[in-house]
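J.: Structural data only, the sequence is not supplied:
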Ligand SMILES: [Zn+2]
């Protein structure tokens, strides 16, 4: 059994509540309140993963969301599995199973570790350089890379959890509940501002709750006692909502922020069920206060990545907060005072601290003096030049730094240790600020980027704005809050503050070793295994832009977005290239700040709610009668009725024959319907359609073609004049919303003088279309009082009618070429109407047909479908529909474009019919058409747009667009397919009943 | 995601709106009198400014009204909204 590194009780850990969990298959125990990281450390488990490229053993490095190494797969092989979870954030619960990523086959024996041995051959850009050639090898490379690369595994089963979205509007949003955030939120809420305080951890107070009591005092109490009292008081403040375990993922313009609230991830499996797992908060804040804190920096030195090398403040947090020591023999390595606070904390708790290695020459701050007094050995102006220990650190070598910090001198001193706390200073967490569009400035003295220009109503306060100690924080917040929130005073304007204050600084981005850099491994990006020498190589190879160096070396491109090492990368580039860091700029921080689950992003929009379907009033009948459905826009349309196990082809052939031989019925409810009223309605139609409308008599219908202003066909449909100033326009199913939008646009912006009103009535009416030689007989049964004579009710006319007392509109119009009626009825009676038609049509074998048969029947007639036979590049002339373009009208939308030199070219693609020489071969829609087979390169003349086997003609027919096709009637063309070449003859696109005799049959 | 102050409805989320391109391009009253080049100028040529731009927007999922907007495309600041038919501001 491994050693127990739990050294003391902690108020944040419930030692009465033991929790068992598994890591890499082995069972361990922790306590409620532990993260996976603290529990593993307590169990003396230090090797938790492998690095991405070299597969080097890696351990826990931080205690927060910036963790690059301890990335785990949670609950593998279950439907709740999740990759890329940071062990430092994952709260353990009974039954948790986690495993290391990046290890294949296992963390202790890792085949990719061989990369580490051959690493001299794996420099920056290795993947780009090596895996490029030969192309045929890519499949092999891919297998290797995917197996050994640690990207985690995505779940293969359906996610059992529920996710949710919530909109929040608030006056003030405070991000981060460290001391700065708490002060800001409290004062905002107390001044009657609706305030939301968001914290990613499960506890408020940040690092202040375990700050050194001796040197940090607020209002004559230790800062930790003071902040705990403040946190308790928050509950009683009106207007303040506090959300813990909630991480802001994105900060967009106009103070629109997205945050993920974690609700059940810390619960046992049995408590997770039927609860919302995560909620996406969509926050609109009038004002935003960023108090996101700062991240401690590591130091970049040779072999700085071994398990046991941990950020100094993380070492302190594990001891203070979790009651866990990270090692038995602790050493700190630092360039600032932070390590001293950590060292003193361990020392005061009786944990052994052997030495502090400080690259500075000295420091006279109180905390350093206290550390010296405690008897801890300090090596001033020394640096670590190497570390040893494969699965865990066991030794470090240090040497004296030269005055310029570029080299090391003197003898090497070896220090045995199993934990090295590194403290490289602080990086303000400006990620959200820059996401919002904020611009940074570089502070040369402290080597940090700070918020400069705010793009919206927001401020950054506390250490994310460079105020690192209590005095600075209180002073800054007191001044800034008053101005930002326009309040007279804050609660803490005149507090007495005592705190640690740093007296000496020294920063070296890349610490020297006693070997040439080529022989060292100073890691900058731990997750992606980018070293300082990779960055230098990239610069030598000519990369200059920071964005290019980032991509070439993959620095900052892991799931942690390089939160720890980005500053070092910039510093090394600046030093090597001899430019100032402020001039170099930074890479872009992109949302999300920490990874988001897909579940959170989609929320409730899953399953049938993923994309909302529209269904017609007849939908239930279609389902009962086993229709297959087709998606048309958002509509579910009846596609065909396979009935007794027919194939699609069999069903469509049967339906098509029946419709022409006796009677067919189609659910046409989905066609767009726009009600047009107003004294200028006729003039309006004149302007939007290519043909003339003024003379259309009341009670008559007319087919219209609508163009875009560029002359290309946009939509078509039949419009009926119901009354003098009242029309009903139909549009294509898919085009309805866009047509209405376009017409509104012209009415409101170009022709505001027209008295016209448009209303969408698509959903208000259900439409049954009855066609075939017996359609009139069927309609007569339904409307016995109506005069169906050709004189009274000719083709292209309309009558009001009634079924019982229900008003109907009956149009005698046809899209199939058959004698045909469309009955429109209030949608709620749609199914009743449909059933009545079926009942009345029984004796005529009325056959319900779907969209596929409709398409076939209209293709026999050469009627176009906008969007199938047209693609936004076809004019009416190209479609051989010159007849519908009025020569007399002065103007209509798109008219002028029909006379542009380009639209008048003779060799444009034009709509033609195609007949295959072998009548049984059905062409493939989209197939390319050529005239010469032996050309090189072969010239494509056009393509097939619609193709069917016509049961009524007993041969294959097709529509196609062909360059100069108008003049090719009777010409032989070829369609080269993969396995054969099909010969076709150009024909009239009207294949069936060219004289339109059947319309009046 | 902007908050847009519809001149008819007030402040609403950008999701409710549709952008409609450059504003104040009037459809020629007599298109047939125009040369191909003049027509092409109206039909195709649009500015795409980094900076202050006059745009058309439609409150598509609201009152369905079209209106004009002055927006700085470099930072998405909406400087002004005004109704169709109203004159653009000079500055
Ligand atoms: Zn509106």
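T.: Yep, that arrived. For clarity, every value in this text was computed on a predicted model and none was experimentally measured.

J.: Residues in a beta bridge with residue A:162, which ones?
T.: For residue A:162, the beta-bridge partners under DSSP bridges are residue A:276.

J.: Contact partners for it?
T.: By C-beta atoms under 8 Å, 6 or more residues apart in numbering or on different chains, the contact list for residue A:162 reads A:274-277, A:604. No exception for glycine: its C-beta is placed from N, CA and C like everyone else's.

J.: So among these, where is pLDDT lowest?
T.: Across these, the smallest pLDDT goes to residue A:274, namely 90.

J.: three-state assignment of that one?
T.: coil (DSSP: H, G, I helix; E, B strand; the rest coil).

J.: Share the number of residues neighbouring residue A:471, please.
T.: If you count neighbours by other C-beta atoms under 10 Å in any protein chain shown, residue A:471 ends up with 16.

J.: give me the element it is part of.
T.: helix A:470-485 (DSSP states H and E).

J.: what's that helix packed up against?
T.: For helix A:470-485, the packing partners by 3 or more C-beta pairs under 8 Å, 6 or more residues apart in numbering or on different chains; DSSP states H and E come out as helix A:179-190, strand A:276-290, strand A:497-498.

J.: if we go to 7 Å?
T.: Secondary-structure packing of helix A:470-485 (3 or more C-beta pairs under 7 Å, 6 or more residues apart in numbering or on different chains; DSSP states H and E): helix A:179-190, strand A:497-498.

J.: Can you give me the neighbour number for the closest residue in space to residue A:152 that isn't next to it in sequence?
T.: Residue nearest to residue A:152 in three dimensions, not counting chain neighbours: residue A:83, with 2.3 Å by C-beta to C-beta, 6 or more residues apart in numbering or on different chains. The number of residues packed near residue A:83 is 18, by other C-beta under 10 Å.

J.: I'd assumed residue A:73 was in contact with residue A:83.
T.: Yes - in terms of C-beta atoms under 7 Å, residue A:83 counts as a neighbour of residue A:73; the distance is 5.1 Å.

J.: So for these two, which residues contact both of them?
T.: In terms of C-beta atoms under 7 Å, 6 or more residues apart in numbering or on different chains, residue A:83 and residue A:73 are both contacted by the residues A:101, A:152-153.

J.: Give me the buried subset of the residues you listed.
T.: A:101, A:152 (16 or more other C-beta atoms under 10 Å in any protein chain shown).

J.: and which of the shared contacts of residue A:83 and residue A:73 is nearest to residue B:38?
T.: Nearest to residue B:38 out of these is residue A:152 (C-beta to C-beta; 59.4 Å).

J.: In contact with the closest one: list those residues for me.
T.: Contact analysis of residue A:152 by C-beta under 7 Å, 6+ apart lists A:73, A:83-84, A:101.

J.: try residue A:412
T.: Here residue A:412 is in contact with A:385, A:397, A:399, A:514 (C-beta under 7 Å, 6+ apart).

J.: Pick out the most distant pair among those residues.
T.: It's A:397 and A:514 that sit farthest apart of those, by C-beta to C-beta, at 8.1 Å.

J.: overlap in contacts of these two?
T.: Contacts common to residue A:397 and residue A:514, judged by C-beta under 7 Å, 6+ apart, are A:385, A:412.

J.: Report the separation between the residue lying closest to residue B:64 once chain neighbours are set aside and the ion.
T.: For residue B:64, ignoring the flanking residues on the chain, the nearest one in space by C-beta to C-beta, 6+ apart is residue A:744 at 6.0 Å. Distance from residue A:744 to the ion, counting by C-beta to the ion, to the nearest Å: 13 Å.

J.: Shouldn't residue A:744 be within a helix?
T.: Yes - Residue A:744 sits within a helix when classified using three-state DSSP.

J.: Find the residue at the geometric middle of the chain.
T.: Since no chain was named, I'll use chain A. Chain A has residue A:601 as the residue nearest its centroid, 7.2 Å off, counting by C-alpha atoms, centre = their mean.

J.: Oops, wrong one, chain B.
T.: Nearest to chain B centroid, counting by C-alpha atoms, centre = their mean: residue B:56, 1.7 Å.

J.: my read: it touches residue B:23, true?
T.: Yes - taking C-beta under 7 Å as the definition, residue B:56 is a contact partner of residue B:23 at 4.7 Å.

J.: intersection of neighbour lists for these two?
T.: Counting by C-beta under 7 Å, 6+ apart, the contacts common to residue B:56 and residue B:23 are residue B:68.

J.: if we can go back for a sec, in strands, which of the contacts of residue A:152 fall?
T.: A:73, A:83-84 (DSSP state E).

J.: hang on, residue A:990 is in a strand, isn't it?
T.: No - the assignment for residue A:990 is coil, going by three-state DSSP, so no strand is present there.
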